Structure formats: structure tokens, C-alpha cells
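Enquirer: Prediction below, plus the sequence it came from.
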Amino acid sequence: MKTFFNELFDYNFYCNKKLIEACTALNEVPAKSKELFSHMLNAHHIWNSRITGKEPEYEVWQSHPIKDWADIHYENQRASFEIITNGDDFEKRIDYENSEGRLFTNTLQDLLFHIINHSTHHRGQIATDFRVNDLEPQSLDYAFYKR
């Protein structure tokens, strides 16, 4: 299970790094793309915090300057790898509150997979936003990553 999640988080790191590089190279990043990428960073951080029982530093829709994205992304990745490395039971149930204060319980593996799936979902939205703004999005499919 650790190998599986390490591989998925490597993929997630690669995709987000490529997207950060692409946005940094643009003269103007579409506003919706900036909003979605900040949200991805925040959500990843919040889920890591829920898993570790720490208080999150970011809010769900908090905006970050593009110049800070790489540092936040790196820290998110580092924290996730630490969670995976120290995980001895991926079926362990974790209690947490969502952003509306409702209580939920999910397994560690469910929460880790959600982080990846959530990022993939929003990268797809960013790709669409790029196209709407006459920008060519990168191919970040998992199959392309594995080739």
C-alpha cells in the first residue's frame, strides 16, 4: 500500500509542478485557474492536517500568490510522504470535521486517495479554463506520466 501511495503522490507532485511551471511562464494566468490551484493546495494541506490531527494553516478557498505555490506544494508533498511512511494501518479510521463543521470518519487510504483524486479533478478544470482562455494545457494524464 505504501508503494502504491508513494507512486500516486509522485505523480501528483509531478503534475502540480508542471502546472506551476506553466503558470509561472505566463504573462497572465486566468483568474479561475489561480483560484482553483490555490484551492488544490489548500485542500491538500487541510486533508494532511485532518489526518495528522493538526490545525490547518489555510482556509479552503484562500488565495495564494503564484510565487508561493511551489513552496506550499512542496510542504504538502513532504507531509503526505511522512503520513505514508509512518502509516502502519491504511484501514485505520480517522475522525474529522469538514469545512462546515460536520463530523465524518473515513479510512486513511480513502483520505489519501481523495487528495489525489481531488487534485486530478481540479487540474482537469484548469485545463478547460486554459482552453477557454486560448492557452494550450499540458497533457498530465497518468498514462503519459508512466511512459
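Expert: The structure has been received and is ready for your questions.
Enquirer: number of nearby residues for Asn27?
Expert: Neighbour count for Asn27, taken as other Cβ atoms under 10 Å: 4. Heads up, the C-betas are built off the backbone N, CA and C, glycines and all.
Enquirer: typed the wrong thing, it's Tyr58
Expert: Quick note: Tyr58 (other Cβ under 10 Å) scores 19 neighbours.
Enquirer: do Ser119 as well
Expert: Counted with other Cβ under 10 Å, Ser119 comes out at 24.
Enquirer: where exactly do the helices run in the protein?
Expert: 2-25, 31-52, 66-86, 108-132, 142-146 (DSSP state H).
Enquirer: And these: which comes nearest Glu59?
Expert: helix 31-52 (6.6 Å; Cβ to Cβ).
Enquirer: counting contacts, what elements does that closest one pack onto?
Expert: Applying 3 or more Cβ pairs under 8 Å, 6 or more residues apart in numbering; DSSP states H and E, one finds that helix 31-52 contacts helix 2-25, helix 66-86, strand 93-97, helix 108-132.
Enquirer: Having no further points to raise, I will conclude here.
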